[in-house]
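Asks: Quick one, structure for this:
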Amino acid sequence: MPTLPPASLCALSRGWSQRTPVRSLHAHSLRPQAAKSPSLVRISVRPYTTQYKEGSVTLTDSAKRKLLEITTKKTQSGGAVYLRVQVDPGGCSGFLTKFKLDDAPITKDDRIFSEILEKQQIRVVLDSVSLNLLDGATIDFASEVARSAFMIAEIPKATSSCGCKVSFGVD
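Replies: Residues are numbered from 1 along each chain as shown. Predicted structure coming up:
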């Protein structure tokens with residue numbers, strides 16, 4: 001059996017039975033940065049099978065912190081949770097982005113982005129169709145007067161979007 005990198009360097013895929021090496025990210029990326037621009041950390045995953053396109057998403061520090069907070073609370077209460085990002089037809093621009101805290105089993109079509117922060121694993125899961133549309137996107141967590149929510153801050157493939165940052169269009 002081939003030797004795999006340590007768990008902190010792997011994302012689990014295809015029903016959690018196999019590990020896929022990914023680039024490791026460190027907790028020091030959560031340290032405050034100089035006041036230049038928001039710090040972004042790219043998490044990339046290479047699918048175990050070659051039939052799916054390689055893709056990546058970027059999480060801002062605020063998104064990582066919120067996901068870490070949620071994951072830590074759920075783990076302490078005996079559950080495991082991840083952030084599922086899904087793109088469906090709809091919205092005012094063509095595609096609607098949905099975020100869900102999920103604990104459902106991972107399917108073979110899912111792509112898992114995983115990182116260890118403060119000894120806690122955070123995971124973002126996208127199906128292959130959503131990953132294709134959101135490849136290179138930036139996920140943020142915004143806390144505003146009206147709402148606090150995960151949102152897509154930037155989508156490189158988008159040719160149009162609506163003001164609520166929930167809907168986007170591609171050509």
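Asks: For the rest of this, base every contact and every neighbour count on C-alpha atoms.
Replies: OK.
Asks: where in the chain is pLDDT low?
Replies: Scanning the chain for pLDDT under 70 picks out 1-54.
Asks: which other helices and strands contact the longest helix anywhere in the chain?
Replies: If each helix of the chain is counted by residues according to DSSP state H, the longest one is helix 61-76. The helices and strands touching helix 61-76, judged by 3 or more CA pairs under 8 Å, 6 or more residues apart in numbering; DSSP states H and E, are strand 120-127, strand 137-143.
Asks: Name the surrounding residues that touch stretch 81-94.
Replies: For stretch 81-94, contacts defined as CA atoms under 8 Å, 6 or more residues apart in numbering pick out 67, 71, 74-75, 95-103, 122-127, 129-130, 133, 160-162, 166-170.
Asks: For PyMOL, write the selection for the buried entries among those residues.
Replies: The PyMOL selection below is limited to those of these classed as buried (16 or more other CA atoms under 10 Å):
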select buried, resi 67+71+95+96+97+99+101+122+123+124+125+126+127+129+130+133+161+166+167+168+169
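Asks: E115 and T71: what is the separation?
Replies: Noted for E115: a distance of 12 Å to T71, by CA to CA, to the nearest Å.
Asks: Could you name every residue contacting both of those two?
Replies: Shared contacts of E115 and T71, defined by CA under 8 Å, 6+ apart, are found at Q121, I122.
Asks: For the helices and strands packed on helix 61-76, give me JSON lines that also has distance to T58.
Replies: Below are the helices and strands packed on helix 61-76 laid out as JSON lines (distance: least, CA to CA, whole Å):
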{"stretch": "strand 120-127", "distance to T58": "10"}
{"stretch": "strand 137-143", "distance to T58": "5"}
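Asks: closest to D110 out of those strands?
Replies: Nearest to D110, of all those, is strand 120-127, at 4.2 Å by CA to CA.
Asks: just checking, G136 touches V57?
Replies: Yes - taking CA atoms under 8 Å as the definition, G136 is a contact partner of V57 at 5.0 Å.
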